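Asker: turn this into a model:
(one chain, ligands or ions: 1)
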Amino acid sequence: MPSVYIKTYGCQMNERDSEAVAAQLVAKGYTLAPSATVADVILLNTCSVRDLAEQKALRKMENLAAEIRRDRPGVVLGFMGCMAQSRGQELIDRLPDVDLVLGTQKFHRAADCLDEIIAGRRDKIVDVAEEPGSEATIREHLLYGNAAKNGGGAVGGHRPPPPVTAFVSIMQGCNQYCTFCIVPYTRGEERSRTIPDIVAECRQLAAQGVKEITLLGQIVTSYGKRFSQAELFGGASVSASRLVSSLAPPKQTPFVQLLDAVHEIDGLERIRFTAPHPKGYGDDLIEAYARLPKLVESAHLPVQSGSDRVLKLMHRGYTRERYLALIEKLRRARPEIGISTDIIVGFPGETEDDFEQTLSLAREVEFDQAYIFKYSQRRDTPAAGLPEQVPQKLREERNQRLLAVINEIAAGKYQKFVGRRTQILVEGPSRKNPARMTGRTRCNKIVVFDSVEREHRGRLMGVKITRASSFTLYGDPVILD
Ligand code: 5AD
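Answerer: Sure, this is the predicted structure:
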């Protein structure tokens, strides 16, 4: 059987989609190639959020076509995911070596498409159509996937340990239509899986040793919004919905009902989710942090800007004041909560004053981590057509100024951990130095400690933090009271 190499660009949702495709291909007998140079099939799972990500994937494919196809003309080359969805046939017109273009609702068709191409039944396939029900097709896990990334998975008779953490896709698409964002066009309308379907997947993962699950979607706080209470439970029998609704009063949003249901699963120790939208962060979700011990004290809350004027132009649906009030409520519910964010600099029309409001918001919130994005004009999005596009040089300058503030705040926050005892979930050996292990705190900070004890993997463990560097803590194992 052929071997496949998948390279992923972009977010955790893309990583999850790649994992599901890899699992699908492995189930059909494919092996996972450790690098593109030895693979029979090379798939690039792409990101369209910024032009830079698209250009990187295009350049990679150009190089693959020039270098790998030249020596091994039988190699199959494909684009999947967001850029495949938004550019479609154009990708083959531009790069005729590409055999397959598979959109965001078609990941589950990857194996069939490759079969057709490899068997010579079809020369090129472009499949970017909408597909009802596709939101429930990202469900297969490559349980030894982490090891596969490090060189061949279970190949060679050595069976690596199962993973400690897993991503579970709960919904697809976004209806928010932020004016800068291409996601509604690449991922489509919001579509959710049912609670029993998601719980079954999480339960299976827990039975296989997974301790921490991250629930994923483009806008998870909109999870299940279009469902009736019965549909949320799979149009379930009255007894099934009564069973689950006994866990959570129905006045709660579907997302909080899902959290309640996942929380019940034995063996799971921690629950995370990403990405929520601040406007969907209702009191029921804040209250869930106080009520559900497995829901870790960590929140990724994309703010995008500190200026009300810009937030309105972005169509974000909240003000600076409401965002700050939300942070305050979260910190009241869980004082230790780690808060990260996404911020765009250089949105069209962003003035120096607007930007300074973003700087002051960053200082006021004291984010633990922030991902800064220079605004990038995206096809078909309203903001791309706005006058007053900010010059590239100014976007870069603002990026640097904000980065300095974010780094300074984070350094102070990380430093405060030194001397403290905290709980981590041990994920495995450090990639940089295998004589060390890494884990994560509940508030999502990476902790590195000296150990070659592989059986620590998957355990909740106490550590005393001895040192902090940028975005990493170092510690020694201790017994927690
Ligand atoms: N330009 C720059 N950054 C963007 N993002 C989304 N669209 C754009 C764009 N056009 C950022 C947002 C989002 C993150 C995933 O990517 O900050 O939260």
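
Asker: so Ala53 makes contact with Arg59?
Answerer: No - the pair Ala53 / Arg59 is not scored as a contact, 11.1 Å apart, by Cβ atoms under 8 Å. Just so you know, the C-beta spots here come from the backbone N, C-alpha and C atoms, and that holds for glycine as well.

Asker: neighbour-wise, which of the two wins?
Answerer: Ranked by neighbour count (other Cβ atoms under 10 Å), Ala53 and Arg59 place Ala53 first, with 19 against 10.

Asker: excluding sequence neighbours, find me the nearest residue to that one.
Answerer: Leaving aside its chain neighbours, Ala53 sits nearest to Cys47 (4.0 Å; criterion: Cβ to Cβ, 6 or more residues apart in numbering).

Asker: quick check: the one you found touching Asn14?
Answerer: Yes - look at Cys47 against Asn14 with Cβ under 8 Å: they come within range, at 6.1 Å.

Asker: overlap in contacts of the two?
Answerer: 81-82 (Cβ atoms under 8 Å, 6 or more residues apart in numbering).

Asker: show me what contacts the residue nearest to Ala53?
Answerer: Contact analysis of Cys47 by Cβ under 8 Å, 6+ apart lists 9-11, 14, 53-54, 57, 81-83.

Asker: out of these, flag the one nearest to Glu352.
Answerer: Compare each of those with Glu352 using Cβ to Cβ and the shortest gap goes to Ala53, at 28.0 Å.

Asker: for the closest one, phi and psi?
Answerer: When read as degrees, to the nearest 10, the backbone of Ala53 gives phi -60, psi -40.

Asker: so which of the contacts of Cys47 is the closest to the ligand?
Answerer: Minimum distance to the ligand across the contacts of Cys47 is 6.2 Å, recorded for Cys11 (Cβ to the nearest ligand atom).

Asker: so what's that closest one closest to, chain neighbours aside?
Answerer: Spatial nearest neighbour of Cys11, excluding adjacent residues (Cβ to Cβ, 6+ apart): Cys47 at 6.9 Å.

Asker: mind checking the SS state of the residue of the stretch 351-481 of the chain found nearest the ligand?
Answerer: Nearest residue of the stretch 351-481 of the chain to the ligand (Cβ to the nearest ligand atom) works out as Phe373 at 3.3 Å. Put simply, Phe373 is strand when judged by DSSP: H, G, I helix; E, B strand; the rest coil.

Asker: now do the SS call for the nearest residue in space to it that is not next to it in sequence.
Answerer: In space, and not counting its chain neighbours, Phe373 is closest to Ile344: 5.0 Å by Cβ to Cβ, 6+ apart. Of the three states, Ile344 takes strand according to three-state DSSP.

Asker: switch to numbering from 50
Answerer: Will do, 50 is the new start, and the previous item becomes Ile393.

Asker: and the next helix or strand past the lowest-mean-pLDDT helix or strand in the chain?
Answerer: Across the helices and strands of the chain, mean confidence by mean pLDDT, DSSP states H and E is lowest for helix 194-198: a mean of 44. Once the chain leaves helix 194-198, the next helix or strand it forms, by DSSP states H and E, is strand 214-218.

Asker: alpha carbons of that next one, as PDB, please.
Answerer: C-alpha atoms of strand 214-218 as PDB (Å, rounded to 0.1, in the frame of the first residue of the first chain):
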ATOM      1  CA  THR A 214      -4.600  14.500  25.000                       C
ATOM      2  CA  ALA A 215      -7.000  14.600  22.000                       C
ATOM      3  CA  PHE A 216      -9.000  17.100  20.000                       C
ATOM      4  CA  VAL A 217     -12.700  16.500  19.300                       C
ATOM      5  CA  SER A 218     -14.500  18.400  16.600                       C
END
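
Asker: buried ones in it?
Answerer: 214-218 (16 or more other Cβ atoms under 10 Å).

Asker: again, but for stretch 266-278
Answerer: Buried-residue list, stretch 266-278, by 16+ other Cβ under 10 Å: 266-274, 276.

Asker: greatest separation within those residues: which pair is it?
Answerer: Maximum pairwise distance among the buried residues of stretch 266-278 (Cβ to Cβ): 17.0 Å, between Gln267 and Phe276.

Asker: so where's the stretch 400-530 of the chain uncertain?
Answerer: Scanning the stretch 400-530 of the chain for pLDDT under 70 picks out no residues.

Asker: and it, which residues reach the ligand?
Answerer: Contacts of the stretch 400-530 of the chain with the ligand, taken as Cβ under 6 Å from any ligand atom, map to 422, 424-425, 427.

Asker: the stretch 100-249 of the chain now?
Answerer: Counting by Cβ under 6 Å from any ligand atom, the stretch 100-249 of the chain comes close to the ligand at 229-230.
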